[in-house]
Structures are given as C-alpha cells and as structure tokens.
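1. Give me coordinates for this.
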Amino acid sequence: MIRAGGAIVGAIMALLTAAPPIAAAAASPFANWAAVVVAGDFHAHSGADSEAFDNARRDVTHALIGAGFDPRNVQQFSVRPQNYPNEKTLLPTDIGIIDNTLIALANQAKDGCLFYVSSHGNQAGVVAGWSGRQPDMLTPDILSKMLDRACGQRPTVVVLSACFSGVFVKTLADPDRAVFTAAREDRSSFGCSESDRYPYYDDCFLQSFPKASDFAALANTTKQCVADKEVATGAKPPSEPQIAIGPALRPDLPFYTFNK
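-> Below you'll find the model as predicted:
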C-alpha cells in the first residue's frame, strides 16, 4: 500500500477539511463525487518543457466544476506546482500523495469517484511524476488498488490520456467502473509537442464537453473527434481511443447528467 509521509498526509487533511461542510441537497448528481485530475509530466516528446499536460489538467478541472462537480471535492496535481503560484491548492504529482488524497476526498464525498490523468505513457503504465531523472510509473495494478481502496463499488469514471493507455482497460475492469483511454494498448496518442496547447485527446475531451450530456456520450464524441483530428493532421497510425463501461454502471451512467 502506498502512503505519503505523515506531515504530507496532515497537510492534505487540513486542506480538505478547511472547506465548509458540503450541502446536504445536491443540485448535480456529481456534487458528492470525489475527483482527482493529474498532470503527470512536463516534457514534450522532444524532451523540452511543455505546458500541454498542465493546460489539460487545469481546463479539464474547470470543465468538471462547470458540469456539477463541487470544487471542494476536486484536487489537482502538477509535477511543477511551483510554476503556478496562483493555484493555491495545487499539489505535487506523487503517487503516494495522490493515493492519500483520493482516499481523503472519497471519505468526504461518498457518491462516486473520478480519476483523470494527462501524461506520457508506455505499455507499463503512465508517467505520474519524477524521482530525479527517472519517471514514476503509475501502473494498471497500482491504479486498480488505489481505486479499490478509495472508491470500492461506487460508480467510478477513469480517464487516461496517454500513449498506450489501453493497457489499463483489462486490469481496471469492474462492474461499476467506466474506463476511457486516449489510445489502445499498442498505439501512441498525439499532441505532446512544445507547441501543442493540449494533447489531442484532452483537446477533444474539452471540445466535446459542451455537446455531451453525460460521460458515455462524452467518451464517444471525444473518440470521433480524435479520429477526425488525426486524419486532418496526418497523424498515423490512428490511436483508437478505448471505451469500457462496466455492466452495472452502463444503464445508470446516462442518468449522471452534466449541468448545462
């Protein structure tokens, strides 16, 4: 089990409990969901610095809050939080800290969970921070255990925007879980250069949000947007984003509608 140091855990709890109590009557079906949104890296494919993952992290969070997630139940992570001094609650991307934070959030927001990460990936998993010059890999097994501990059988939506992120689908499969990935397990995704505002998948996710009523519709619209964008830019081979919705969650997911 992954755990951060006591001082860090205490800081997380103080941050989360500083907010006023959550209202009993929720206007949105997502008002009592826990959510973490992670920028897992800060490098372009070239190795130069890139803002693409942090741009996605920030703007996906804004979209989620606009859709009905309570800001008090949402936590963002960045590999370089010191670069964003105006984002006072931003935490460092560290697998142990993410694990502890998700548990703390799920203890206060008990209706469901969302986990979103934008990063580089390979067939071992996705990059979730760095230890010196070595990337820290969030593997399918680690993420599955994190979600099991924090969220159990609550409805859970997992979005993995990274190359080869389809490797997570089988391991994360659960009746109450939806998993959306930017690529199939043997394909790259696109849009991680120094000049890209967002990776392709995050860009399409954000473009599709205003048109979608729920996460199932959002995933399908995002997938088509990615395919169209890859054709338009000549990106090959196609990344083929994956959509896997558990049988218990599938009939209910359309009732979890976004605020408009």
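
2. Can you pull the phi and psi angles for the nearest residue to residue 66 once chain neighbours are set aside?
-> Taking CB to CB, 6 or more residues apart in numbering as the measure, residue 66 lies nearest to residue 259, with 6.8 Å between them; neighbours along the chain are not counted. C-beta here means a position set from N, CA and C on the backbone, and glycine is covered the same way. Phi and psi for residue 259, reported as degrees, to the nearest 10, are phi -70, psi 140.

3. residue contacts, residue 259?
-> For residue 259, the contacting residues are 27-28, 66-68, taking CB atoms under 8 Å, 6 or more residues apart in numbering as the criterion.

4. could you pull out the strands for the stretch 1-150 of the chain?
-> For the stretch 1-150 of the chain, strands defined by DSSP state E, counting those that start in this stretch occupy the ranges 33-39, 74-78, 91-92, 112-118, 121-122, 125-131, 134-138.

5. okay, those strands, which one's buried deepest?
-> Neighbour counts averaged per stretch over the strands of the stretch 1-150 of the chain are highest for strand 33-39, at a mean of 27; criterion: mean count of other CB atoms under 10 Å.

6. With just CA atoms, put that strand into CSV.
-> Extracted as CSV, the C-alpha positions of strand 33-39 are listed here (Å, rounded to 0.1, in the frame of the first residue of the first chain):
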residue,chain,number,x,y,z
TRP,A,33,-18.3,12.8,-6.1
ALA,A,34,-14.5,12.8,-5.3
ALA,A,35,-12.3,13.7,-8.2
VAL,A,36,-8.5,14.0,-8.8
VAL,A,37,-7.1,15.5,-12.0
VAL,A,38,-3.4,14.8,-12.6
ALA,A,39,-0.8,16.3,-14.9
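
7. Remind me what it packs against, helices and strands.
-> helix 52-67, strand 74-78, helix 95-108, strand 112-118 (3 or more CB pairs under 8 Å, 6 or more residues apart in numbering; DSSP states H and E).

8. Mind listing residues that contact the first one?
-> Put plainly, it is helix 52-67. Helix 52-67 has contacts (CB under 8 Å, 6+ apart) with 28, 30, 35, 37-42, 44, 71, 74, 76-80, 83-84, 87, 114, 116, 118-119, 161, 191-193, 196-199, 202-203, 205-206, 209, 258-259.

9. So for residue 226, which of the strands of the stretch 1-150 of the chain sits nearest?
-> Proximity to residue 226 (CB to CB) singles out strand 112-118 among the strands of the stretch 1-150 of the chain, at 13.7 Å.
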